[in-house]
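A.B. asks: Attaching a predicted model along with its sequence, questions to come.
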Amino acid sequence: MNELAQKVRGSFLEKFNREPVMISSPGRINLIGEHTDYNEGFVLPGATDRAIILAVAPRKDDICRFYACDFNQDFSTSLGHLQKSDLHWPDYVQGVLAVFLQAGYQIRGLDLAFGGNVPIGGGMSSSAAIEGGLAFALNHLYDLKLDGLTLAKLAQQAENDFVGVKCGIMDMFANLFGQAKRVIKLDCRSLEFEYYPFEWEEIRVVISDSLVRRALATSEYNLRRQQCEAGVNLLKKYYPEIKSLRDVTVTRLVAHQTELDPVVFKRCLYVIKENQRVEQACQDLLQRDLISFGQRMYESHLGLRNEYEVSSRELDLLVESAARVEGVYGSRMMGAGFGGCTISLMRSEAVKSFNERVSADYREATGQEPAIHVVRIEAGTHVIK
Ligand code: GLA
């Protein structure tokens, strides 16, 4: 058991005075395919060695007691009184309990302590790590025999309905299905998936956290969804077979450009092209062509910046600075955007100059230090023995 898990276990023992089950639930990266999941498109995520650790034990009554180690905050409620809290973090936990109850699973209260090293609200999906981790924990504690996909959908429902972010399934899927040294190409329509090897000794995945968090992320995220739906609704009139942007080609979109709101047009164009980029990037991986893969990451960033408009000055700075470092293949903002982090792919010997250069550029432009993490692609949520 690593130091982090020991610490969370220690807090649990101190608070609740009994033995917990220990679960490790990772944050995710996404190499490419951003804002495509809720458009029934493709994504290429993986689970990482950054995780939320949950120490959990079931109760015989309906009382729920949670302790967030990283904030040193307690929260208690009961299964009959699950409701949103000003502390925010309890919502991810309560949301999962609420959807399990609603689905009719026989669960009772629980004692939970959790903490981790996934940057919070930083684009690595710390929220899905709590939700996926707890869904996994309930399945384990009550022997519910639910498969990974059902757990991912329940965790997504917690975020959609309880927390109120209309996110897609990518984060929870990566959290539960991740494997070491492999990324997942997920078809977010059929939910069929394929693992792609990602095991180069000489390559590093580096996360640069702008440390900027913007409250508008939720409202703008939900607005992007509506804009994509508006595009689909118009095109459906001409092509009734269209169900989502997944079914739209650039040619068809352009043919109806004048009828579409210009903003809606840009949003749709980005999504269609991003889906194509994921398909091409997977071919690059098979051919071990990281130069081409990296170019697609830069193109993805430009699309997110100019067409989808979810980047920020800080994220653009990080990507531009990364591009100047020798040995970097590609870089782009990752996750929902409006703050959070970038992901960069580079040769291992570039990490040092990347660190120096990107930190210096960012400091000079913003007066702040970014947080830079080298991450490994690791197994998804599991019980710690
Ligand atoms: C957030 C959401 C995901 C996905 C990304 C953008 O992480 O939770 O479902 O939409 O944004 O790709």
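C.D. replies: Now that the structure is in, tell me what you want to look at.
A.B. asks: can you tell me how far residue 292 sits from residue 217?
C.D. replies: 31 Å (CB to CB, to the nearest Å). In this view, the C-beta of every residue, glycine as well, is placed from N, C-alpha and C.
A.B. asks: neighbour-wise, which of those two wins?
C.D. replies: Using other CB atoms under 10 Å as the criterion, residue 292 and residue 217 rank with residue 217 on top: 19 against 15.
A.B. asks: Can you give me every residue that contacts the nearest residue to that one once chain neighbours are set aside?
C.D. replies: With CB to CB, 6 or more residues apart in numbering as the measure, residue 338 is the residue that lies nearest to residue 217, at 4.5 Å, once sequence neighbours are left out. Contacts of residue 338 were listed using CB atoms under 8 Å, 6 or more residues apart in numbering, and they are 214, 216, 217, 220, 310, 312.
A.B. asks: Any idea how many residues pack against the first one?
C.D. replies: The local packing count at residue 214 equals 15, with neighbours defined by other CB under 10 Å.
A.B. asks: what about it, distance to residue 131?
C.D. replies: Taken as CB to CB, the span from residue 214 to residue 131 is 21 Å.
A.B. asks: Got phi/psi on the residue in the stretch 201-350 of the chain that the ligand sits nearest to?
C.D. replies: As assessed by CB to the nearest ligand atom, the ligand sits closest to residue 336 within the stretch 201-350 of the chain, at 3.6 Å. Dihedral pair for residue 336: phi -70, psi -30, per degrees, to the nearest 10.
A.B. asks: top helix in this structure by residue count?
C.D. replies: For the chain, the longest helix by residue count, based on DSSP state H, is helix 262-286.
A.B. asks: For that one, what is the distance to the chain centroid?
C.D. replies: 18 Å (CA atoms, centre = their mean, to the nearest Å).
A.B. asks: Then stretch 143-152?
C.D. replies: The answer for stretch 143-152 is 19 Å, by CA atoms, centre = their mean.
A.B. asks: Alpha carbons of it, as CSV, please.
C.D. replies: Taking Å, rounded to 0.1, in the frame of the first residue of the first chain, the C-alpha atoms of stretch 143-152 are listed here in CSV:
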residue,chain,number,x,y,z
ASP,A,143,-21.8,-8.0,-4.2
LEU,A,144,-24.2,-6.5,-6.7
LYS,A,145,-22.5,-8.2,-9.7
LEU,A,146,-22.8,-5.2,-11.9
ASP,A,147,-20.5,-5.0,-14.9
GLY,A,148,-18.1,-2.1,-15.6
LEU,A,149,-20.4,-0.5,-18.2
THR,A,150,-23.3,-0.4,-15.8
LEU,A,151,-21.1,1.1,-13.1
ALA,A,152,-19.8,3.7,-15.6
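A.B. asks: what residues does it touch?
C.D. replies: Contacts with stretch 143-152, where a contact means CB under 8 Å, 6+ apart, come from 105, 132, 135-136, 138-139, 154, 169, 172-173, 175-177, 191.
A.B. asks: can you rerun that using 10 Å?
C.D. replies: 96, 100, 103, 105-107, 128, 131-132, 134-140, 153-154, 169-177, 191, 193, 380-381 (CB atoms under 10 Å, 6 or more residues apart in numbering).
A.B. asks: what about the helices in this structure?
C.D. replies: Going by DSSP H, the chain shows helices at 3-16, 89-102, 126-141, 148-157, 170-177, 217-238, 250-255, 262-286, 290-302, 313-323, 351-366.
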